[in-house]
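build me a model:
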Amino acid sequence: MDYKSFSVKELEELLRDEQKRFKKLVKEGRNVDMTRGRPSKEQLKIAMPMLEQAGTYNYSTESADARNYGDLGGTKACKALFAELFGVKQEEVFVGDGSSLDLMYTLVHFAKQFGVLGGTPWNNLKKVKFVCPAPGYDRHFSICQQFGIEMITVRMKEDGPDMDVIEALVREDDSIKGIWCVPKYSNPTGITFSDSVVERLATMKTAASDFRIFWDNAYMVHGLYDEDDKLKNIFDVARKAGTMDRIYSFASTSKITFAGSGISAIAASEANIKDIAAKMFFKCINANKVNQVMHVNFLKNADGVKAVMKKHAALLRPKFELFDRKFTEAFDGDPYVKWSKPRGGYFISVDVKSCAKRIVELAATAGVKFTAAGATFPYKLDDMNSNIRVAPSVPSLEEMEFAVDVMISAIRQARMELVLSKS
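This next block holds a predicted model:
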């Protein structure tokens, strides 16, 4: 709705009516947390058979007893499972513990302290920069801030990051050492990178020989529908282009089995994997191989993973559809309110120009919490004050309906307040 077409008196009356409706929602005294993309309790129950059957598993691996030391890079069976999911060779996989974010942090740490494949340690350079497509994953940006890496914001488009801008940047500036990407069902927009974007990322000219693509493929198997988005395998492109060393790909089972208590993995060139393993040798003896054996026995292979993810989709899909239905009813055709319609992943991205902070603030007064406005941008600087990340996984459908009603009312109030402030 274009509130600018109303007189001040009419708009003040509309605002009072909306505030009355909102007060009724506040009086319900609910608390709905939609700040992070956590699996719900119902989703966590899906993997409980893995624990119940733990005593029946054979923990003898190909080279050792999984309950003992050894196999720094993971068991052969676990590497095979991730190799199938990544679309690479087993020799191109390193398996870690429950957090892929920990692996990302570690690789940035290694690059800063020791360099990449024998290159100059980034700590010895005057400046290190990363390209950060936005809106994006706030924890990626936090890693950059932790290590003093300068972030360059590049806007996301409907098919991925703006490649014209990125290609120009990395071609000329050898201090740009990396880029963060969530290529499938991106956090928070839910988009999947187009074939063209994947190809350009893998083949673009970079001034830095040690440039790395941090390919966080967290949602590779997290479709909500049988007809899944297709993401071009960046390793297939890179193998042909001779740029395999450029890519670090990451994934975990955190939203497949147990959040933070699963297994994670890196896919990269054999040279990169050997480099990572050589540095990891001094950091740890091995990851939790007992957990690896349990996961392989439970998931078995890529088809087994898909079967588990269908159960997750059945729980998540109604929440995403409820959100889209109610927002369509409230804002269909409204040019001032935009929202993503992802076919997978864990997030919905909402854009309301110049109002995001006020919307989040209002929703909080009714007990509905979102990630802080601006968090999806480097340095938390959303120049348009427009983006809000919605994480619908945890609430029940009833709670979800309440939360969406709160958000709709908060959007209407914030927009009316904005217009009135300029009258």
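
quick one, strands of the protein?
32-34, 93-96, 129-134, 150-157, 160-161, 176-181, 212-216, 247-252, 264-267, 337-339, 348-352, 368-370, 387-390 (DSSP state E).

quick one: closest of those to A80.
strand 93-96 (8.3 Å; Cβ to Cβ). C-beta coordinates here come from the backbone N, C-alpha and C atoms, glycine included.

elements contacting that closest one?
Using 3 or more Cβ pairs under 8 Å, 6 or more residues apart in numbering; DSSP states H and E, the elements in contact with strand 93-96 are helix 76-86, strand 264-267, helix 270-280.

from these, which stretch is densest packed?
The highest average neighbour count among the helices and strands packed on strand 93-96, using mean count of other Cβ atoms under 10 Å, belongs to strand 264-267 at a mean of 26.

partners of that strand, with directions?
With DSSP bridges as the test, strand 264-267 is paired with strand 93-96 (antiparallel), strand 247-252 (antiparallel).

and the helices and strands packed on strand 93-96 as JSON lines, adding distance to A47?
Output for those, formatted as JSON lines (distance: least, Cβ to Cβ, whole Å):
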{"stretch": "helix 76-86", "distance to A47": "15"}
{"stretch": "strand 264-267", "distance to A47": "15"}
{"stretch": "helix 270-280", "distance to A47": "27"}
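
closest to V360 out of these?
Going by Cβ to Cβ, the one of these nearest V360 is strand 264-267, 30.7 Å.

how far is that closest one from where the chain is centred?
Its chain's average C-alpha position is 15 Å from that of strand 264-267, according to Cα atoms, centre = their mean, to the nearest Å.

again with stretch 169-177
24 Å.

residues in contact with it?
Contacts with stretch 169-177, where a contact means Cβ atoms under 8 Å, 6 or more residues apart in numbering, come from 111, 122, 125-131, 149, 152, 154, 179, 204-208, 210-212.

in the stretch 1-150 of the chain, which spans are helices?
8-27, 41-44, 48-52, 76-86, 100-114, 138-146 (DSSP state H, counting those that start in this stretch).

pick the most deeply packed of the ones you listed.
helix 76-86 (a mean of 21).

how many residues are close by D383?
Neighbours of D383 under the rule other Cβ atoms under 10 Å: 8.

I misspoke; the intended subject was K4.
Number of residues near K4 (other Cβ under 10 Å) recorded here: 12.

just list the residues touching it, thanks.
Applying Cβ under 8 Å, 6+ apart, we find K4 in contact with V419.

check Q292 too.
A66, G74, T75, A77, C78, V95, I263.

what of A83?
Per Cβ under 8 Å, 6+ apart, neighbours of A83: K89, Q90, E92, V93, A267.

rerun at 10 Å
K89, Q90, E91, E92, V93, A265, A267, A302 (Cβ atoms under 10 Å, 6 or more residues apart in numbering).

in TSV: the residues you listed, plus distance to Y336 and pLDDT.
Putting these into TSV (distance: Cβ to Cβ, whole Å; pLDDT from 0 to 100) gives the following:
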residue	distance to Y336	pLDDT
K89	50	98
Q90	51	97
E91	52	98
E92	47	98
V93	46	98
A265	42	98
A267	42	98
A302	43	97
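
can you pick out the most distant pair from the residues you listed?
E91 and A302 (18.1 Å).

any idea how far L44 is from G260?
As judged by Cβ to Cβ, to the nearest Å, L44 and G260 stand 11 Å apart.

joint contacts of those two?
Joint contacts of L44 and G260 (Cβ under 10 Å, 6+ apart) are R38.

so this structure: which segments form each domain?
Per automatic domain parsing, the structural domains of the chain span 3-30+307-421, 49-304.

distance of I234 relative to T376?
Distance from I234 to T376, by Cβ to Cβ: 23 Å.
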